[in-house]
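Novice: Here is a sequence together with a model predicted from it:
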There are 6 protein chains.
Amino acid sequence: MTGSKSISGRKLPRYSGIKTFFRLPSGDFKDVWDVGIFGIPYDGATSYRPGCRFAPSRIREVSALGRGYSLVRELSWFERLNVVDLGDCQSNPMDQDATYKGIESFWGEILALSRRGIAIGGDHSVTLANLRACKAVLNEPLALIHFDAHVDTYPASWGSEFHHGAFLRHALKEGLVDPDKVVQIGIRGPLNDIADLDIGKNNKFSVYTVADIRRLGLDNFCQRIPDFGQTPTFITFDIDCLDPAYAPGTGTPVPGGLTTFEVLSMLQSLSCPNLIGADLVEISPPYDHADITSLAGVYILSEIINIMAAFSRND
Amino acid sequence: MTGSKSISGRKLPRYSGIKTFFRLPSGDFKDVWDVGIFGIPYDGATSYRPGCRFAPSRIREVSALGRGYSLVRELSWFERLNVVDLGDCQSNPMDQDATYKGIESFWGEILALSRRGIAIGGDHSVTLANLRACKAVLNEPLALIHFDAHVDTYPASWGSEFHHGAFLRHALKEGLVDPDKVVQIGIRGPLNDIADLDIGKNNKFSVYTVADIRRLGLDNFCQRIPDFGQTPTFITFDIDCLDPAYAPGTGTPVPGGLTTFEVLSMLQSLSCPNLIGADLVEISPPYDHADITSLAGVYILSEIINIMAAFSRND
Amino acid sequence: MTGSKSISGRKLPRYSGIKTFFRLPSGDFKDVWDVGIFGIPYDGATSYRPGCRFAPSRIREVSALGRGYSLVRELSWFERLNVVDLGDCQSNPMDQDATYKGIESFWGEILALSRRGIAIGGDHSVTLANLRACKAVLNEPLALIHFDAHVDTYPASWGSEFHHGAFLRHALKEGLVDPDKVVQIGIRGPLNDIADLDIGKNNKFSVYTVADIRRLGLDNFCQRIPDFGQTPTFITFDIDCLDPAYAPGTGTPVPGGLTTFEVLSMLQSLSCPNLIGADLVEISPPYDHADITSLAGVYILSEIINIMAAFSRND
Amino acid sequence: MTGSKSISGRKLPRYSGIKTFFRLPSGDFKDVWDVGIFGIPYDGATSYRPGCRFAPSRIREVSALGRGYSLVRELSWFERLNVVDLGDCQSNPMDQDATYKGIESFWGEILALSRRGIAIGGDHSVTLANLRACKAVLNEPLALIHFDAHVDTYPASWGSEFHHGAFLRHALKEGLVDPDKVVQIGIRGPLNDIADLDIGKNNKFSVYTVADIRRLGLDNFCQRIPDFGQTPTFITFDIDCLDPAYAPGTGTPVPGGLTTFEVLSMLQSLSCPNLIGADLVEISPPYDHADITSLAGVYILSEIINIMAAFSRND
Amino acid sequence: MTGSKSISGRKLPRYSGIKTFFRLPSGDFKDVWDVGIFGIPYDGATSYRPGCRFAPSRIREVSALGRGYSLVRELSWFERLNVVDLGDCQSNPMDQDATYKGIESFWGEILALSRRGIAIGGDHSVTLANLRACKAVLNEPLALIHFDAHVDTYPASWGSEFHHGAFLRHALKEGLVDPDKVVQIGIRGPLNDIADLDIGKNNKFSVYTVADIRRLGLDNFCQRIPDFGQTPTFITFDIDCLDPAYAPGTGTPVPGGLTTFEVLSMLQSLSCPNLIGADLVEISPPYDHADITSLAGVYILSEIINIMAAFSRND
Amino acid sequence: MTGSKSISGRKLPRYSGIKTFFRLPSGDFKDVWDVGIFGIPYDGATSYRPGCRFAPSRIREVSALGRGYSLVRELSWFERLNVVDLGDCQSNPMDQDATYKGIESFWGEILALSRRGIAIGGDHSVTLANLRACKAVLNEPLALIHFDAHVDTYPASWGSEFHHGAFLRHALKEGLVDPDKVVQIGIRGPLNDIADLDIGKNNKFSVYTVADIRRLGLDNFCQRIPDFGQTPTFITFDIDCLDPAYAPGTGTPVPGGLTTFEVLSMLQSLSCPNLIGADLVEISPPYDHADITSLAGVYILSEIINIMAAFSRND
């Protein structure tokens, strides 16, 4: 395995050059690589502040600051995995179905090659397409690790079923995820209604609110996140699990959230032997300041790829 | 008719109170009034920067600075017309058809009462619904005065017909406007293609680019804008006819545009005896600074209402 | 009890419509309701950065994101209490006395009806008027729960007695609060002078600095906040008790402050059987970013109303 | 007289050092100098957006970019006049009277020494104190050149007489200015009411709206600005005479305004043999972007000082 | 030659994909193309506000909005020329010599292939390297069309010769440009000193201040810009020739500048038969707002390439 | 000892006056004082976002909010020490050597007088000059307390040895610091490479990552910071040891950082009997929001001076 061919910041200044994710080469489905990162610049299902259509582009820019060596895992994905930037999938700001088709086509190609993918949203409605595509290829329901302030099992809004707070309700209904293997991290109130929790309760999700995590203590909590073994696992990371102080650039921010230190620690200690894919959603650059939200996203991405590196298939 | 009941800034400070358009009373279709202003907070058809869903709200806030006495017309709409804030029509960020239905329902009620309306968008795709509603009630094609940087007769994008740059192509096709009575003001290049001008040319629109206007001189140009007499007339004002220096808060800004002085002068001298409605579109508050774009919008609105006041039906 | 008539975000998108606090109906003193929220858009007594005159308006805008169901209290004020937006009281940026008169008139009407109120400032000098009004009707000194970075018992500045850092000195002198029942939360240094603490010490306030709270641990501290039983109690919440990372939009920010998680936890666990009123002060929207300070304010407000709901008089 | 001792940007980088106006030495009334610049950091009389209390400080910062050689006058005030930074006069954000006393004391000292002064506001209410002080020493009414979007003869607001839009009404009533020698430049509508123009009309002010200036042409207009000969003259420059595109950082911006090129051209060609003082008001740094408003202010200041240099008394 | 292979905004939304200049393919010196655009992300020689190291990256992002069909020239460079993005040349923020070497190497390759280049700075010190490289290959002094607020013949600052305001002094001294063929457009005062003009005067530059241009009238001025025939010509465009209202995002802004309409008109009418290269410098994204400065840059770039298209060598 | 002569905020509003550090008198080497603060406005060695050249100026502005009484130490430096603002040392944005000379000259004068100094950077490359100057006078290696996200022992970048991430490598090589007495606080990954830690490991630095500190607990950690007794000690504080939520205004931010409460607590409890000097670096005002980064810097500065006050030599 040859590692990634990222441009070194010691050779070309980090602000220099055409920006790809982590200054990686841009790749194609015909090339040889381990992990493909691609963008889904779609924010058509946002209920409040839009703008996450610009996330893939801004993450590319800011990920020039990315580094890979984990002090906890004592390895660097830059060395272990050949990662490439696949560009953005086809999308249409006015047509969620067409966008879903674009998303599913990318995942289809990645998974058909038995490789792994990471999608940079986009609003959280894109996760439904991500999961549909995984299910289509893998033919079994996935374990899901879900970072979010919101439970995302909400009912239809304004008559629309597939808004950005409903992906998980649909994923359950469509059998895309195994309800016994859903962990939700960062949830917090107040809620519209106690009924907002019903789907999670009825399906026995492992739900950890911010208050739960703080009460358990971070190290203790980290040990509780289940290891789903060889069940194909997907991580969906909604940036609004972070507090607005850490992630102002998002569409529906919720005060009282997690810190970057907490979520990075969780990812660094996560045991996830069969992580087949992940997404990072709801970063809205027009509402960001000094790129702190995008940069948090870059660091989160790096830890997610390190999970893939730590449990690399050919190890 | 007794004039508008706006709260005076000399009594309650202008930053004070629940914000309605121009601090007007909020009204209902059952109330008696002359002109109803309403919001269409929809930006689902935007091709680049979204955010104009927040325009009705921000225009309400900033219009607290609104005043009405025109030095040119020597009258104030605050005194001549009873204007109210009708709230926002039903909309859905994911469903243009549902939004169009909401828009058409509002216009239907306004026009059925033989009153006049002004819609605050929203992206420029809402104008198609505005025009459809007018045609439905009036049963004749409208004259159209169209302020814009773009010709908005562009073909489908990404497979979608009804994006924010295509309203006029559809309006023509559906017979909503009289092609002989279309004036376009503020158009400028560069264009994608010379073919972008074909529809305007073939239909004999009166197209005035910024260069045309500057060459004619402002006063001279103002005299050239046709008076459509008793033909029911609609003004659609896309804020991007202004230069980005004057209107940074918009979705697809185009350098080399008009100044606020120019567009206000045009509106102040416009002779428009049968102005039945208007819209103001494409103001994107997340990209604005110090509210200068929204404030330009407020001043434009005020001049449009003064046209209605100057050619008030009961005069 | 019929609950509040807030517009649902599932029906009309949250960015839509004329903005009132929490999308509640605007109410009048003649209407029937339990809790009235009103604005005091006054920042004339600010010693450094002004701008909190715009807080009531911005809180109205952002509170469209408000929700009410508390995971801790297992109830929602939206269901328990009929809450309305009373608009803003009369104010004058140049005349604190006239503003105080406006404030006192609103509280007078609210309390005369035996209802409860919440005032959205404005700078912290408005709290003196809030307390004066309560004392005038209730005829007994109040218990005071005071969230703040500053002790607000400072002497006159530039020859002016009633600036935004002196309300509590005057409230004590005027017998508005019971010094045995004053709790201060979030205080931190450095101070101008050790003498800044004298009034608090001499009057035996319960003063909890950020360091005290962090040393006690959050849960432990929450249990220490006294329950003042049937003593009429007022909460004054200065947003600068939060760290500038969580609340940049304020006039005299102080690093080393509390997090939103901490203050929300405190409010969620507060036992306060006779909370007659509250205020939220010192939010300065011109210095905010992506509305994170206003949104923190909205969540704080929601928890304060939930206290009123939990200890609702007719329970 | 030896000219000003400003620190050269070719020696110390312009961003370097303790910031005084134009990097001039800070001076005292005991020192020898020709022109004293001082700050009036007061915004207590602002009717909409506050923040101009920060203008003196920001103008000091940005005036490090200042230069003095006028291509039109072919001279530089840096060489002709000894200019100093006198610091800020005493002010009190809560007490206009105390602030007026502080202002008048500074002008009293300057004029008693037969020197010239320039005050950096603060809101436009400070000009009344500036004019009162001049009248007190000079004992004759002044000629006034007034750049503004507003006529500033408005009646009391919210019961307050001395707000930032009323200085000229009071100056007239108190006999501080000669109504035959008042020129207003940059005025524009819409107005609240036609009556807003009455005081100007009745007193025969020379009022030039933006439309007047554009119709006359800039060079033509420049020649029309009267030369008041030996009548002591005061220039009051409200930054909102500029369009919001050029000066977003102000409290009550008005679209349709002048450009910096226009106002600089006017000042460069102004014949003003006995300019005894000037002020620059209504720059609100919290609403500025990239300091463009403050920088416009710096360039305006430089041209005003060049008028003093061109008609230097000892010439 | 088949034209450029830019991705159409009608196929993939303009915010989508890895960003290259104008969504062009990234190219190499081995590929076949007509014009190569490359970035020089260097701001080490800036005297006031830095940040233009981020210009190439931001111009890439915003140029997704670029279009090419000129209404004046009636052609589109997208059709006439094969243009590519060459990436950024090697640079070093601490080492101007190393950066100059990187710049010269890129130009060397471009010109050796008899192709044309456009460099996106970067501060104005990079132009000296651009001109040196041209001279080295072409072996004759160039004609120079220089858009700028500053004359850039200033002496050394802080002991440094090669700061961003001195490129032209060195270019003259080194014989890189023909002093009879230097046109300066947009110059304005005030200056430090009358001596700042000496080099231009002594060398008989054609210097056009903003006042000159406004006095001549735009069309008239456009006809005066000389046509240098077959003399190899270079355009250096410093964005600060624009007024800060149009270009806030720059390092040393100067009020009283040109508008985007004016500079675009000049470029559209320019006759320049042998334009071998150009640069665009001094755009500082950290000081920009809503990308209006970068977008102005994109439109300027497009007109410059259209000059190359209009006078294409193989025509 | 007479204490500092800072202007009281109770006399002149804090936004008023010419801004010096903490509103202190500006001093000279000829004056009598205990501690001199000076600026080093240099950002020429920054690898990503520049702008810290503006830090001394912005810290002067914001330090008007500074206070000195420490609740922990129960003393105020304002009373114990005579502190002055020495202005900025000579610097040159294009010439690090010249800047180093300017820095060393200032420290030379301070230390020759046996006084203490605090330098406000500037990027972290200035610390090498600070340490060189100390070693030159004191003739012994220093103890170093180093707050930072980065280890700053990185190798050369782009061929340049003395960039802002390498000061400590050079300081070690030049014998300026005693490797046994180097404490690093706030370090965090991910890193480029495990080798990044080699120098620290080989030299037995005491390195505390954020994870180490959180695991130890704050109070426990504070007791572990070594007391270097009479060894002359220097504190270098890179603002990026704070999390980007607390310090967005910096050049190379790293998520997962410390809070202001943590670093202020560390400084408040630090026992440092012979603190001869300190610097505060990497604050980049163009990337700050609402001055929260600069204000954090001011509070850090105040605690550093309180260490000097607590261990005042003449005690």
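Specialist: Alright, I've got the coordinates. Numbers count the residues shown, from 1 in each chain, chains lettered A, B, ... in the order given.
Novice: List the buried residues of the lengthiest strand in chain A.
Specialist: As assigned by DSSP state E, the longest strand anywhere in chain A is strand A:177-187. Judged by neighbour count (16 or more other C-beta atoms under 10 Å in any protein chain shown), strand A:177-187 contains these buried residues: A:177-179, A:181-187. (Each C-beta comes from the backbone N, C-alpha and C, glycine too.)
Novice: so which of those residues would you say is closest to chain C?
Specialist: A:Ile187 (8.8 Å; C-beta to the nearest C-beta).
Novice: ok, the closest one - contacts?
Specialist: A:148-151, A:207-210 (C-beta atoms under 8 Å, 6 or more residues apart in numbering or on different chains).
Novice: Show me the contact partners of the helix or strand hosting A:Asp198.
Specialist: In the assignment (DSSP states H and E), A:Asp198 maps to helix A:198-202. Helix A:198-202 has contacts (C-beta under 8 Å, 6+ apart) with A:151, A:153, A:168-169, A:172, A:182, A:184, A:207.
Novice: again, 7 Å this time
Specialist: Residues outside helix A:198-202 that contact it (C-beta atoms under 7 Å, 6 or more residues apart in numbering or on different chains) are A:151, A:153, A:169, A:172, A:184, A:207.
Novice: can you give me how far that helix is from the chain middle?
Specialist: 23 Å (C-alpha atoms, centre = their mean, to the nearest Å).
Novice: Give the buried residues for that helix.
Specialist: A:199-200.
Novice: now check the longest helix anywhere in chain A, is it near chain E?
Specialist: Among the elements of chain A assigned as helix by DSSP state H, the one spanning the most residues is helix A:292-310. No: applying C-beta under 7 Å from any C-beta of the partner chain, one finds helix A:292-310 separated from chain E by no less than 13.0 Å.
Novice: That helix packs against which elements?
Specialist: helix A:55-62, strand A:75-76, helix A:77-80, strand A:116-120, helix A:260-269, strand A:275-281 (3 or more C-beta pairs under 7 Å, 6 or more residues apart in numbering or on different chains; DSSP states H and E).
Novice: Okay, strands next: where are they in the stretch 1-150 of chain A?
Specialist: A:35-39, A:69-70, A:75-76, A:83-88, A:116-120, A:142-147 (DSSP state E, counting those that start in this stretch).
Novice: quick one on the thing from earlier: which of the contacts of A:Ile187 has the largest number of neighbours?
Specialist: With neighbours taken as other C-beta atoms under 10 Å in any protein chain shown, the top of the contacts of A:Ile187 is A:Ala149, carrying 28 neighbours.
Novice: separation between it and B:Arg115?
Specialist: 44 Å (C-beta to C-beta, to the nearest Å).
Novice: can you check A:Ala247 too?
Specialist: A:Ala247 is 46 Å from B:Arg115, by C-beta to C-beta.
Novice: residues touching the residue of chain A found nearest chain D, list them.
Specialist: At 14.3 Å from chain D, A:His289 is the closest residue in chain A, using C-beta to the nearest C-beta. Neighbouring residues of A:His289 by C-beta under 7 Å, 6+ apart: A:248, C:289-290, F:248, F:289.
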